[in-house]
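In: Kindly generate the corresponding structure for this input.
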Amino acid sequence: MAWISLPMPRPGQVLGLVGTNGIGKSTALRILAGKLKPNLGRYESPPEWQEILTHFRGSELQNYFTKILEDNLKAIIKPQFVDRIPKAVKGQVMNIIRDRCEKEGKLEHYMNELDLLHIQDRDLEVLSGGELQRFAICSVAVQQADIYMFDEPSSYLDVRQRLKAALVIRSMVEGQHSSYCICVEHDLCVLDYLSDFICVLYGAPSAYGVVTMPFSVREGINIFLAGFVPTENLRFRQEELTFKLAQTADEMQLKDDTSANTYTYPSMTRTMVSTKDNETTQFKLHVQGGAFVNSEILCMLGENGTGKTTFIRMLANQLKSDELEAAEAADDHYEIAKASLQYDANVVSYKPQKIAPKFQGSVRALLHKRIKDSYTHPQFMTDVTKPLNLDDIIDQAVPNLSGGELQRVAIVLCLGKAADIYLIDEPSAYLDSEQRIIASKVIKRFILHSKKTAFVVEHDFIMATYLADRVIVYKGRPGVECTAQSPQSLLSGMNMFLKQLEITFRRDPTNFRPRINKLNSVKDTEQKSTGNYFFMDD
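Out: Prediction:
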């Protein structure tokens with residue numbers, strides 16, 4: 001991996017890094033933390049620090065590395081792969097964080113901000129991905145350091161938790177004018193919200209990476225999406241990534257097709273009882289009845305633990321509603337018909353949230369076995385497999401794939417199955433910013449042209465707003481009792497959801513991406529007073 005330049009952090013500000021996977025963002029963090037010595041391209045005879053400082057003479061990086069060496073700056077990294085933490089660290093959440101806490105009076109504050117108080121007595125090995133992520137952020141935040149680094153802090157978190165984590169990360173430099181903070185993030189809304197300035201990374205994955213000069217947050221993200229660096233007059237991606245919601249005449253025609261089938265599902269309830277550590281907990285999901293049509297994508301908006309995956313499994317006929325189970329137990333045919341889904345549930349394709357591959361062969365063999373007809377179809381190859389870059393990993397063994405590679409294979413497998421309804425649970429997990437946008441476009445184009453319906457669970461706001469034709473909003477107490485509302489329009493649904501989160505969005509005039517308004521800013525206050533939490537106008 002060759003490196004050209006390095007991102008330059010500034011004291012008292014948050015530097016955001018954006019770029020594709022394998023471009024060297026995590027490597028850059030380790031170099032800036034002083035944990036990895038830059039070899040200036042000479043990996044066979046690496047230079048000493050004195051030579052490295054001479055190489056960066058006259059730049060801000062010379063001062064930075066001098067500080068690391070002479071002032072012995074303390075750097076802490078929140079690792080990218082939080083699921084590996086329990087293998088390295090043992091013990092209970094509160095005990096570990098208390099042992100690491102070096103900021104007086106901040107322990108309770110950060111535990112509360114990151115929703116860790118209710119799991120403070122649990123062992124790390126029983127924590128979920130989202131709980132481990134919040135634990136990792138908290139254990140970095142409570143320490144006193146000169147350089148704070150966060151590698152992908154939003155993975156596994158829902159929208160509310162992402163925003164809370166962003167505020168905690170920002171607090172690392174607030175009032176601390178000498179501290180540095182660097183954050184690598186693929187959720188562009190979160191990156192926008194927490195950064196003061198941005199460096200874009202581009203190049204060839206696993207070969208070389210180039211870092212741009214620092215840009216303002218808006219400009220930096222827009223440069224990444226445009227694939228063009230104006231200061232260097234350099235194009236690093238062939239096509240621009242935009243989020244225009246206005247549909248083309250062709251799309252409108254497809255949407256207005258009068259032959260569209262309408263599918264309905266009844267109002268349902270599902271009670272889930274689980275036992276953990278001899279403790280029984282009960283979760284109840286109420287589903288308001290609704291309907292959906294062909295060529296439509298419905299996005300499910302809710303926090304973690306509100307029952308989105310439960311509802312998806314009910315639609316896929318993997319879980320029965322309480323009403324249907326009671327009717328079947330009583331052998332009441334009228335009630336069975338009333339409580340049943342009003343469509344053939346055999347024609348449902350489901351991509352689960354957690355992907356655990358059991359297949360031992362290559363990706364090619366898996367696709368041939370599971371979706372041979374689609375995989376060899378020229379249209380499917382053009383619309384789905386090529387944009388998702390499956391050719392690069394087609395001969396790799398499935399167990400050796402990374403999280404992002406597995407996710408792309410899972411999306412192809414889901415769309416490749418002939419079905420009327422596609423249920424896609426968190427398609428953005430493990431994908432980088434660029435892959436997320438490409439995956440969104442692939443799913444949207446496929447659903448539109450195949451005249452099918454998709455239900456998508458997604459926490460990445462840019463993906464959710466790009467995909468959704470209509471939305472299903474979840475309300476209630478996560479993990480206790482929640483209601484999935486009937487499908488409603490994107491505007492009213494987003495307004496309802498954002499009101500729960502107490503945040504407002506505006507649109508970027510250049511590429512129409514949604515941007516979170518800073519809390520209590522003029523725009524935020526103005527939109528809240530008029531009830532326009534989600535801004536649709538161009």
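In: C-alpha only now, for contacts and for neighbours.
Out: Noted.
In: how far away is the residue most central in space within the chain from Arg408?
Out: Relative to the mean C-alpha position of the chain, the nearest C-alpha, by C-alpha atoms, centre = their mean, is the one of Asp460, at 4.6 Å. Counting by C-alpha to C-alpha, to the nearest Å, the gap between Asp460 and Arg408 amounts to 16 Å.
In: Quick check: the residue nearest to the centre of the chain vs Gly289, distance?
Out: Between Asp460 and Gly289 the computed distance is 26 Å (C-alpha to C-alpha).
In: One more: Lys444?
Out: Computed with C-alpha to C-alpha, the distance linking Lys444 and Gly289 is 24 Å.
In: helices and strands of the chain: which one has the lowest mean pLDDT?
Out: Lowest mean confidence among the helices and strands of the chain (mean pLDDT, DSSP states H and E): helix 249-255, at a mean of 46.
In: List the contacts of the helix or strand encompassing Leu423.
Out: Remark: Leu423 resides in strand 421-425, with elements defined by DSSP states H and E. The set of residues that contact strand 421-425 without belonging to it, under C-alpha atoms under 8 Å, 6 or more residues apart in numbering, is 309, 312, 316, 347-353, 411, 414-415, 452-458.
In: what does stretch 515-526 give?
Out: Contacts of stretch 515-526 with the rest of the structure, by C-alpha under 8 Å, 6+ apart, involve Cys189, Asp192, Tyr193, Ile503, Thr504, Phe505, Arg506, Arg507, Asp508.
In: Low-confidence ranges, this protein, go.
Out: 1-4, 244-260, 276-277, 344-346, 536-538 (pLDDT under 70).
In: Can you give me the domain boundaries for it?
Out: Partitioning the chain according to automatic domain parsing yields domains covering residues 2-235, 249-501, 502-538.
In: which residue packs closest to Gly12, ignoring adjacent ones?
Out: The spatial neighbour of Gly12 that comes closest, neighbours along the chain excluded (C-alpha to C-alpha, 6 or more residues apart in numbering), is His177 at 4.1 Å.
In: Repeat that for Leu366.
Out: Nearest residue to Leu366, sequence neighbours excluded (C-alpha to C-alpha, 6+ apart): Phe359, at 7.2 Å.
In: Which helix or strand contains the one you found?
Out: Phe359 is located outside every helix and strand, with elements delineated by DSSP H and E.
In: Please verify my assumption that it contacts Leu367.
Out: No. The pair Phe359 and Leu367 fails to qualify as a contact (C-alpha atoms under 8 Å) at a distance of 10.8 Å.
In: Comparing the two, which residue is more hemmed in?
Out: Neighbour count, other C-alpha atoms under 10 Å: between Phe359 and Leu367, Leu367 has more, with 20 against 12.
In: show me the contacts for that one.
Out: Residues in contact with Leu367 (C-alpha under 8 Å, 6+ apart) are Tyr375, Leu413.
In: can you pull the buried residues of the strand or helix carrying it?
Out: In this structure, Leu367 sits in helix 363-375 according to DSSP H and E. By neighbour count on 16 or more other C-alpha atoms under 10 Å, the buried set for helix 363-375 is Val363, Arg364, Ala365, Leu366, Leu367, Ile371, Ser374, Tyr375.
In: Nearest residue to the first one in space, please, no chain neighbours.
Out: This points to Val363. Nearest in space to Val363, with sequence neighbours left out and distances taken as C-alpha to C-alpha, 6+ apart, is Ile394 at 5.0 Å.
In: Ramachandran coordinates for the one you found?
Out: phi -60, psi -30 (degrees, to the nearest 10).
In: what about it, neighbour count?
Out: Residues contacting Ile394 under the criterion other C-alpha under 10 Å number 16.
In: swap in the one 5 residues further on?
Out: With neighbours defined by other C-alpha under 10 Å, the count for Pro399 comes to 15.
In: That one contacts Val363, doesn't it?
Out: No. Taking contacts as C-alpha under 8 Å, Pro399 lies outside contact range of Val363: 9.5 Å.
In: so Thr269 is in which element?
Out: Counting by DSSP H and E, the secondary-structure element that holds Thr269 is strand 268-276.
In: Contacts made by that strand with the rest, please.
Out: For strand 268-276, the surrounding residues in contact (C-alpha under 8 Å, 6+ apart) are 280-289, 320-323, 339.
In: farthest-separated two in these?
Out: Comparing all pairs in the contacts of strand 268-276 by C-alpha to C-alpha, the longest separation belongs to Thr280 and Gly289, at 29.1 Å.
In: Which of these two has more residues huddled nearby?
Out: When neighbours are counted by other C-alpha under 10 Å, Thr280 and Gly289 differ, and Gly289 comes out ahead with 14 against 9.
In: what's the neighbour count on the closest residue to that one other than its chain neighbours?
Out: Counting by C-alpha to C-alpha, 6+ apart, Ser267 is the residue found nearest to Gly289 once chain neighbours are left out, at 3.9 Å. Applying other C-alpha under 10 Å, we find 19 other residues in the vicinity of Ser267.
In: got a list of what Ser267 touches?
Out: Under the criterion of C-alpha under 8 Å, 6+ apart, the contact partners of Ser267 comprise His286, Val287, Gln288, Gly289, Gly290, Ala339.
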